[in-house]
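Pasting the sequence and the predicted coordinates here, then a few questions.
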Amino acid sequence: MTSIDIQQLTKEYGTRRAVDRLTFRVGPGRVTGFLGPNGAGKSTTLRLVLGLARPSSGTALIGGRPYAAHPRPLHVAGALLDPRAAHGARTARDHLLALAVSNGIAVRRVDEVLELAGVATVADRRIRTFSLGMRQRLGIAAALLGDPDVVVLDEPSNGLDPEGIAWIRELVRDLARAGRTVLVSSHLMNETAAFADHLVVLGRGRLLADTPMREFLDAHSTRRVRVRTADPDRLHAALARAGHTVARSGDGHCTVDGADAAEVGAVAAAAGVPVLELRDERASLEEAYLALTADETEFAATPLQEA
Ligand SMILES: Nc1ncnc2c1ncn2[C@@H]1O[C@H](COP(=O)(O)OP(=O)(O)OP(=O)(O)O)[C@@H](O)[C@H]1O
């Protein structure tokens, strides 16, 4: 199967390094979420992968070669980069037909992808009348036109309503299940956690994390409850009997690891212990991600994990 291999990839615009010595691999059969705050270098990396910009140094290969060196590139990789790129005066169908014809793709595939992307009913409307969400769907139809092994989507949820977002989630999961290599950029951690198996995080052009989603979740979404009562001894004993690990602090607070407020509240109520304060302390995934990207220097002290 086809993977994307990025080695020491660097792109400079004048004195500014948009992408800074990036090395990672995007493997088949899984969805890789590509995260980073605005300006982190995600779009530039994707443009380099797709041969739309030239690296200052390093390489970005798809299936072992630069994208442009593939004789039938749309069969190898399809991408949604900028949904505004489609010509507004054309109809959706004509836009896809032009792409199919110029890439030696069977014309019947146009109707298949229009259907697949949920834009078949508006296929004969001019693209300039499309909402951003419809343009996104059309861009996805174009990405899938060549039935490619590799699918690259830059912020595909932009402009989509909740139903559209759920559709994207299902689509990328299905593509990965079919063995494809799927790379999806976003700046939202929670959204990415809903569909990605693997996570690559950029900050200021540098690789901050390259980790299975599961490991990131396990490391960053630990549950913990903080509770305060007038009778810490009884609460502590009741929680210990219920199998919880309790840490006590001097000020009458306890913290209970691996539990949520509802569980601890139920134990306290059953034991007849009055609770003065009860609070979930789980750091949200979004917070973990923000902490990761907020201070690159601090994170650099943590060993990076390769895929
Ligand atoms: N053609 C260009 N000329 C000059 N600077 C550029 C160019 N393209 C990107 N940059 C700069 O490179 C940096 C990375 O931009 P890029 O668009 O790749 O980030 P991003 O992670 O995709 O951000 P966003 O989420 O905002 O799209 C930014 O500082 C941007 O201003």
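Received, thanks.

what pairs with Arg275 across the strands?
Not Arg; residue 275 is Val. Taking DSSP bridges as the rule, Val275 bridges to Thr229.

what's the burial count for it?
Using other CB atoms under 10 Å, Val275 has 17 neighbouring residues. Every residue, glycine included, has its C-beta placed from N, CA and C.

near the ligand, which residues of the stretch 51-200 of the chain show up?
Contact residues, the stretch 51-200 of the chain versus the ligand (CB under 6 Å from any ligand atom): His187.

rerun at 8 Å
53, 154-155, 185, 187 (CB under 8 Å from any ligand atom).

tell me which of those residues is nearest to the ligand?
Set against the ligand, the nearest of these by CB to the nearest ligand atom is His187 (5.2 Å).

what does the model give the closest residue to that closest one other than its chain neighbours for pLDDT?
Among residues not flanking His187 along the chain, Pro37 sits closest, at 5.9 Å (CB to CB, 6 or more residues apart in numbering). For Pro37, the model assigns a pLDDT of 87.

Then Ala259?
Here the pLDDT value assigned to Ala259 is 87.

is it fair to say it lies in a helix?
No. Counting by DSSP: H, G, I helix; E, B strand; the rest coil, Ala259 is not part of a helix but coil.

picking up where we left off before, most neighbours among the residues of the stretch 51-200 of the chain next to the ligand, which one is it?
The most crowded member of those is Ser185, carrying 24 neighbours; neighbours defined as other CB under 10 Å.

Mind telling me what element it is part of?
Following DSSP states H and E, one finds Ser185 within strand 181-186.

What is the helix or strand following that strand packed up against?
Note on strand 181-186: by DSSP H and E, the next helix or strand toward the C-terminus is helix 189-193. Helix 189-193 sits against strand 30-35, helix 285-294, with contacts defined as 3 or more CB pairs under 8 Å, 6 or more residues apart in numbering; DSSP states H and E.

just to revisit the earlier point, show me the contacts for the residue nearest to His187.
Contact partners of Pro37, counting by CB atoms under 8 Å, 6 or more residues apart in numbering, are 187, 203, 293.

And for Leu61?
For Leu61, the contacting residues are 4-7, by CB under 8 Å, 6+ apart.

Tabulate those in TSV, adding columns for secondary structure and neighbour count.
Putting those into TSV (DSSP: H, G, I helix; E, B strand; the rest coil; neighbours: other CB atoms under 10 Å) gives the following:
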residue	secondary structure	neighbour count
Ile4	strand	24
Asp5	strand	17
Ile6	strand	21
Gln7	strand	15
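
tell me which of those is nearest to the ligand?
Ile6 (13.7 Å).

what bridges to that closest one?
Phe24, Ala60.

Identify the residues contacting stretch 166-176?
29-31, 118, 140, 151, 153, 156-157, 160, 182, 184, 194-195, 197.

what's the closest of those residues to Leu278?
Leu278 lies nearest to Ala194 out of the contacts of stretch 166-176, by CB to CB, at 28.5 Å.

shouldn't Gly205 be in contact with Leu48?
No. Gly205 lies out of contact with Leu48 (CB atoms under 8 Å); the separation is 11.4 Å.

is it true that Arg109 lies in a strand?
No. Counting by three-state DSSP, Arg109 is not found in a strand; it is helix.
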